[in-house]
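S.K.: here you go, sequence then predicted model.
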Amino acid sequence: AQSVTQPDIHITVSEGASLELRCNYSYGATPYLFWYVQSPGQGLQLLLKYFSGDTLVQGIKGFEAEFKRSQSSFNLRKPSVHWSDAAEYFCAVGGGSNYKLTFGKGTLLTVNP
Amino acid sequence: SQTIHQWPATLVQPVGSPLSLECTVEGTSNPNLYWYRQAAGRGLQLLFYSVGIGQISSEVPQNLSASRPQDRQFILSSKKLLLSDSGFYLCAWSEVNSNQPQHFGDGTRLSIL
């Protein structure tokens, strides 16, 4: 069965600092990997996706993620965080013929001024 | 471009009352459709998904049901709400028969009194 672990429930960073959110997955075949962001009371917005090819993928809002098959990881990074990045971030894995995604439990990001 | 609409945005219902949440997608044909429930600290739980009209797969035995009466319409229902049905409900769509990303509506906050 597929699963996603986001080890950090809550991360606090200062504005302008770099950010890395961790995601580890378990999947029996080549995974499709996604990062989503959710602001309070809103739906989820897709930040980026990995299907194949270059293991470093660029997304919206200056985010990037790196797929590391040997570590079963897909960590999200941003070189300089803005106050507007404060939100909850979800990693997800999919790829089966049932077209379902499995989500991690999320990491809440707080940005200090 | 494709859009997804969910309504209502907020709903307060007494225990034992019926429920109907509606989700519609525009700008695409025969999408995969999904209903999720989100509880604080527990990530997203997939409730139902559908790959076509009248085709519903249930992920978790519960007090809820789903229907897809039209290609781009997905309805979440209950005959008698329980206190445990409270939560944030999200509808999502993805392209037909693909592992392309899911795109989410803005959600419905359901409170049971």
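M.R.: Arrived safely, thanks for sending.

S.K.: so how far is chain A from the spatially most central residue of chain B?
M.R.: The centre of chain B sits closest to B:W35, judged by C-alpha atoms, centre = their mean, with a distance of 3.0 Å. Distance, B:W35 to chain A, using C-beta to the nearest C-beta, to the nearest Å: 12 Å. For every residue, glycine as well, the C-beta is placed using N, CA and C.

S.K.: please list all residues in contact with residue 109.
M.R.: This is for chain A. A:11-13, A:19, A:21, A:81, A:85-89 (C-beta atoms under 8 Å, 6 or more residues apart in numbering or on different chains).

S.K.: please go with chain B instead
M.R.: So B:R109 contacts A:41, B:9-11, B:88 (C-beta under 8 Å, 6+ apart).

S.K.: pipe the contacts of A:L109 into a markdown table and attach distance to chain B and neighbour count per row.
M.R.: Below are these laid out as a markdown table (distance: C-beta to the nearest C-beta, whole Å; neighbours: other C-beta atoms under 10 Å in any protein chain shown):
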| residue | distance to chain B | neighbour count |
| --- | --- | --- |
| A:I11 | 15 | 16 |
| A:T12 | 17 | 11 |
| A:V13 | 20 | 17 |
| A:L19 | 20 | 17 |
| A:L21 | 14 | 23 |
| A:V81 | 23 | 20 |
| A:D85 | 19 | 19 |
| A:A86 | 17 | 17 |
| A:A87 | 14 | 19 |
| A:E88 | 10 | 19 |
| A:Y89 | 11 | 24 |
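
S.K.: what strand or helix carries the residue nearest to the centre of chain B?
M.R.: strand B:32-38 (DSSP states H and E).

S.K.: outside of that strand, which residues touch it?
M.R.: Residues contacting strand B:32-38 (C-beta under 8 Å, 6+ apart): A:99-100, B:23, B:25, B:44-51, B:66, B:68, B:74, B:76, B:87-98, B:102, B:107.

S.K.: near chain B, which residues of chain A show up?
M.R.: A:9, A:32, A:34, A:36, A:41-46, A:49, A:51, A:90, A:94-96, A:98-101, A:103-106 (C-beta under 8 Å from any C-beta of the partner chain).

S.K.: quick one: buried ones out of the residues you listed?
M.R.: Neighbour-count burial (16 or more other C-beta atoms under 10 Å in any protein chain shown) applied to those gives A:32, A:34, A:36, A:42-44, A:46, A:49, A:90, A:94-96, A:99-101, A:103-104, A:106.

S.K.: may I ask which two of the contacts of B:R109 are separated the most?
M.R.: Comparing every pair within the contacts of B:R109 by C-beta to C-beta identifies A:G41 and B:L11 as the most remote, at 13.6 Å.
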